[in-house]
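Student: this one's sequence-less:
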Ligand code: NAI
């Protein structure tokens, strides 16, 4: 039995629905038909007053931190520089591709473990934030119109620009011990920035963590949901990384949901103000109808 079949009219559903994604269209139609009032957490706008409801940011924080620990665990060398009686061991080099919330957390975690950190992103703000975390920035000369879309997110690159980015990465990838892939375009398939040929140039015993695997992955040969050694490189495509940090991720998620419910509650009742930006961005089904603009557009409904 599908969970939606167990719900009844007037019930509220608050979760990650990803309603615009075609795989979820049937479920969204069922929610509307059942009279469920559904609110999607992935729709929370990235504005200051909604920050404490932003579960996407909470989960990305978990994935960035735990993803680096997973990489460190599989790495064949120490992360920090070590001075031992038999000599000095150099610190690991960690490259983060796509420095959003998860990537920034990955950079900070790798730095705390003593690695030398490198960052590549196409958004100028992300580049600045990487620098402030002590990362060396991989220069990629990309013209202004190409990089930032509406809402401050990254634009999907054309094949021509993606090839230029791969070229930049090809020059440095062989030197890296960990490559952390967290480049995403909201609502689109993740850009493939690492090809199999590029992986072949990497050192044996190095690690790739591809946390964008849910959106297809940034590395062409990541196996979804698995950890596999290919060309001597451990490639991790583990899904649901926040689930590997259950107490902290649940605490953050619960607080995000609590803050959202508190925000929506007036005089002990949930009140949905359709003029409110937060409500408009998260409300998917209401009064038996699909009301979410992005979802309607994706479904071709006026
Ligand atoms: P995301 O998970 O959608 O993307 C991750 C990163 O991948 C982004 O930094 C993006 O620029 C980068 N990227 C995309 N294509 C790339 C490519 N070809 N090569 C290299 N990097 C590529 O982003 P996330 O973490 O969900 O959020 C990023 C945006 O949201 C930023 O504008 C951030 O400042 C904003 N934000 C605002 C919040 C607030 O004010 N409440 C909270 C969280 C994020």
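Tutor: Perfect, I can see it now. Predicted model, so just to flag it, every value in this text is computed and none were measured.
Student: give me the low-pLDDT residue ranges for the stretch 151-300 of the chain?
Tutor: Within the stretch 151-300 of the chain, no range satisfies pLDDT under 70.
Student: the strands in it, which residues?
Tutor: Secondary structure of the stretch 151-300 of the chain (DSSP state E, counting those that start in this stretch): strands at 178-181, 207-210, 227-230, 233-236, 265-266, 269-270, 283-286, 289-290.
Student: so which of those gets nearest the ligand?
Tutor: Minimum separation from the ligand across the strands of the stretch 151-300 of the chain (C-beta to the nearest ligand atom) falls at strand 178-181, 9.3 Å. Bear in mind the C-beta positions are built from the backbone N, C-alpha and C, glycine included.
Student: thinking again about what came up before, could you dump the strands of the stretch 151-300 of the chain into JSON lines and include distance to residue 255 and mean neighbour count?
Tutor: Converted to JSON lines, these look like this (distance: least, C-beta to C-beta, whole Å; neighbours: other C-beta atoms under 10 Å):
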{"stretch": "strand 178-181", "distance to residue 255": "26", "mean neighbour count": "30"}
{"stretch": "strand 207-210", "distance to residue 255": "26", "mean neighbour count": "29"}
{"stretch": "strand 227-230", "distance to residue 255": "31", "mean neighbour count": "14"}
{"stretch": "strand 233-236", "distance to residue 255": "28", "mean neighbour count": "23"}
{"stretch": "strand 265-266", "distance to residue 255": "15", "mean neighbour count": "10"}
{"stretch": "strand 269-270", "distance to residue 255": "18", "mean neighbour count": "9"}
{"stretch": "strand 283-286", "distance to residue 255": "21", "mean neighbour count": "23"}
{"stretch": "strand 289-290", "distance to residue 255": "29", "mean neighbour count": "16"}
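Student: Next, format those strands as a markdown table and append distance to the ligand.
Tutor: Listed next are the strands of the stretch 151-300 of the chain as a markdown table, based on distance: least, C-beta to the nearest ligand atom, whole Å:
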| stretch | distance to the ligand |
| --- | --- |
| strand 178-181 | 9 |
| strand 207-210 | 13 |
| strand 227-230 | 22 |
| strand 233-236 | 18 |
| strand 265-266 | 21 |
| strand 269-270 | 23 |
| strand 283-286 | 19 |
| strand 289-290 | 24 |
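Student: Look up how far residue 211 lies from the residue of the chain found nearest the ligand.
Tutor: Proximity of the chain to the ligand (C-beta to the nearest ligand atom) peaks at residue 100, 2.2 Å away. According to C-beta to C-beta, to the nearest Å, residue 100 and residue 211 sit 11 Å apart.
Student: Let me see the contact set for residue 177.
Tutor: Residue 177 sits next to 75, 77, 92, 93, 94, 115, 203, 205, 206, 207 when contact means C-beta atoms under 8 Å, 6 or more residues apart in numbering.
Student: let's go with 10 Å and repeat that
Tutor: 71-72, 75-79, 90-95, 115-116, 202-203, 205-207 (C-beta atoms under 10 Å, 6 or more residues apart in numbering).
Student: What parts of the protein come near the ligand?
Tutor: Counting by C-beta under 6 Å from any ligand atom, the positions of the chain adjacent to the ligand are 46, 51, 54, 57, 60, 97-103, 120-123, 125-126, 152-154, 157, 165, 182-186, 191, 193.
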